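Colleague: Fold the following and give me the result.
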Amino acid sequence: MSTLQETKNKILTSAVFENWVNASPRVNAFAATIQEAAHSFLSQGIPTTKHEEWKYTNVTRLAQTPFEISANINTLTAAAIANEKVTADAIVVVIENGIINHAASNLSDLPQGLMIGSIHDMLENAEVKKHFLQHADYKTEPFVALNTATLSDAVCILAAANVEVDTPIQLMIVNTSTEANVYIPIRVLVVADKNSAIQVTETFSSTGNNASTFVNAVIEVMVADNAKVNYVKLQDESENTTHINYHRVAMARDSYQHLTTLSLGGGLIRNNLNIRLGDVNCTAYLNGLTLARNNQLVDHHTVVDHAMPHCYSNELYKNLIDDQAQGVFNGKIFVRKDAQKTNAFQSNKNLLLSDDATMNAKPQLEIFADDVKCSHGATTGQLDDESLFYLRARGIGEDAARALLNHAFAAEVMEGIAHEGVKEKMLDILNEKLK
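Modeller: So this is what the prediction gives:
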């Protein structure tokens, strides 16, 4: 495997990467896929700003940094993470430095019909065999290829047919590493079988030193016939963190999915959100909120693929950009030739809170069917002076007035969160950030 030594990418030192791939993979059942993904990553390399999809987001620094695989040591306890739960009764899976921390998680008394565990414990499950590594494309997405090549653990969440779980499932993803230049791959598979319903919340956070950390997350979600998945992502990491997230949803007949992404902390965040409405009567919602300060860069790239007729999708992405921060929104809607009677809507609204803040918005529609209703739009501006004057004339200080207006702008994104407890937790975090 000499080609591994010839790569110009230093994203992982060549010796570490070669040893990781050539050694007996920790997920032995997928050794061939891991090897293939490694070669795919090396052939694709790290994208540059010459790539249209990465025009505004420069990640070439990753190629120049000799990242090492994190030392996967679980140190967190259940007591230490208690205050980080989205609700008191949440089913919590703690993923510390990329590996499930079973001692800190509470998976011993799951509702009937719900299975959650490590890929190592669920390899014989038919749904895992059918869907694991099957939906996120490592042949065209370099960071999916890197994630697959460095696969050591994964969380599998399986809801059986006709099972509805009201309790939120929280993936508490924590970086506790203190080394410099640490690489942390995260892998998740969610399968909602026919007529099932589940609610999943991802929370990304950092503790410790966290110097120059690279989090590479890939989430694959399968929503079967008439199933419902409500999904929330909270990204609130240190400013030394580069976070690249690929979220792929495959939807079957009559299915429903609602995805809310809250990017509130981190150095560079890139969210690749890909939803395929693969059968008739699918409904998909995508909401996103960014609060960016200092020199942060937050990039949302969405793809909503209408492959079949009689489907509905609705996107709402809002950005609050302050200081010298940068925001990016690139939203694509595809309507295939056979996808007649499609309703697809997209809205991107942005507030620039300083003269140095920047926002790049690129909404796109590609329609190959003729009986559809589709619209998209993007607006970028500043806080309304009349509204600010109205609040100040009633005795509210300028800082408080601005915070109130920012909250009113941002809170709309939260309305789609189905679980009231999770919504309340997210609003509390938002309020704290807006202070």
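
Colleague: just so I have it, where are all the helices in this protein?
Modeller: 3-6, 14-22, 31-44, 60-63, 126-131, 142-149, 385-392, 398-411, 420-434 (DSSP state H).

Colleague: Of all those helices, which one is nearest Val92?
Modeller: Nearest to Val92 among these is helix 420-434 (12.7 Å), distances taken as C-beta to C-beta. Backbone N, C-alpha and C define where each C-beta goes, glycine included.

Colleague: Surely Phe409 touches Leu320?
Modeller: Yes - Phe409 lies in contact with Leu320 (C-beta atoms under 8 Å); the separation is 6.9 Å.

Colleague: Compare neighbour counts for the two and give me the winner.
Modeller: The residue with more neighbours, out of Phe409 and Leu320, is Leu320; 25 against 19, by other C-beta atoms under 10 Å.

Colleague: Distance of the more buried one relative to Phe214?
Modeller: 25 Å (C-beta to C-beta, to the nearest Å).

Colleague: Take the helices of the chain and lay them out in JSON lines including mean pLDDT.
Modeller: JSON lines is the format used below for the helices of the chain (pLDDT from 0 to 100):
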{"stretch": "helix 3-6", "mean pLDDT": "46"}
{"stretch": "helix 14-22", "mean pLDDT": "69"}
{"stretch": "helix 31-44", "mean pLDDT": "88"}
{"stretch": "helix 60-63", "mean pLDDT": "86"}
{"stretch": "helix 126-131", "mean pLDDT": "90"}
{"stretch": "helix 142-149", "mean pLDDT": "93"}
{"stretch": "helix 385-392", "mean pLDDT": "61"}
{"stretch": "helix 398-411", "mean pLDDT": "77"}
{"stretch": "helix 420-434", "mean pLDDT": "92"}
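
Colleague: mind checking which of those helices is nearest Val86?
Modeller: Among the helices of the chain, the nearest to Val86 by C-beta to C-beta is helix 420-434 (4.8 Å).

Colleague: in stretch 275-293, what counts as buried?
Modeller: If you call a residue buried by 16 or more other C-beta atoms under 10 Å, then stretch 275-293 has these buried ones: 275-279, 281-293.

Colleague: again, but for stretch 353-367
Modeller: Leu353, Ala357, Thr358, Met359, Asn360, Ala361, Pro363, Ile367.

Colleague: May I have that stretch as CSV, with CA atoms only?
Modeller: The C-alpha trace of stretch 353-367 is given here as CSV (Å, rounded to 0.1, in the frame of the first residue of the first chain):
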residue,chain,number,x,y,z
LEU,A,353,-24.5,42.4,13.3
SER,A,354,-21.2,44.2,12.5
ASP,A,355,-19.7,46.0,9.5
ASP,A,356,-17.0,43.2,9.2
ALA,A,357,-19.3,40.3,9.2
THR,A,358,-19.9,38.5,5.8
MET,A,359,-22.5,36.2,4.4
ASN,A,360,-22.6,34.2,1.2
ALA,A,361,-25.9,32.8,0.1
LYS,A,362,-26.6,30.7,-2.9
PRO,A,363,-30.1,29.2,-3.2
GLN,A,364,-30.6,26.9,-6.2
LEU,A,365,-33.4,25.0,-7.9
GLU,A,366,-33.0,22.4,-10.6
ILE,A,367,-36.4,21.3,-11.8
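
Colleague: so the nearest residue to Thr379 once chain neighbours are set aside bridges to which residues?
Modeller: Distance criterion C-beta to C-beta, 6 or more residues apart in numbering; nearest residue to Thr379, sequence neighbours excluded, is Lys349 at 5.3 Å. Applying DSSP bridges to Lys349 gives these bridge partners: Lys318, Thr379.

Colleague: which residues touch the most centrally placed residue in the chain?
Modeller: Nearest to the mean C-alpha position of the chain, counting by C-alpha atoms, centre = their mean, stands Asn245 at 4.7 Å. By C-beta atoms under 8 Å, 6 or more residues apart in numbering, Asn245 lies in contact with Ala217, Val218, Ile219, Lys233, Gln235, Ile269, Arg270, Asn271, Asn272.

Colleague: burial of the nearest residue to the first one once chain neighbours are set aside, as a residue count?
Modeller: If you skip the residues right next to it in sequence, Ala217 has Ile186 as its closest partner in space, 3.9 Å away by C-beta to C-beta, 6+ apart. Other residues within reach of Ile186 by the criterion other C-beta under 10 Å amount to 24.

Colleague: so what's Ala88 up against?
Modeller: Gly421.

Colleague: Can you list phi and psi of it for me?
Modeller: Note on Ala88: its backbone torsions stand at phi -60, psi -30 [degrees, to the nearest 10].

Colleague: got a pLDDT number for it?
Modeller: According to the prediction, Ala88 has pLDDT 93.
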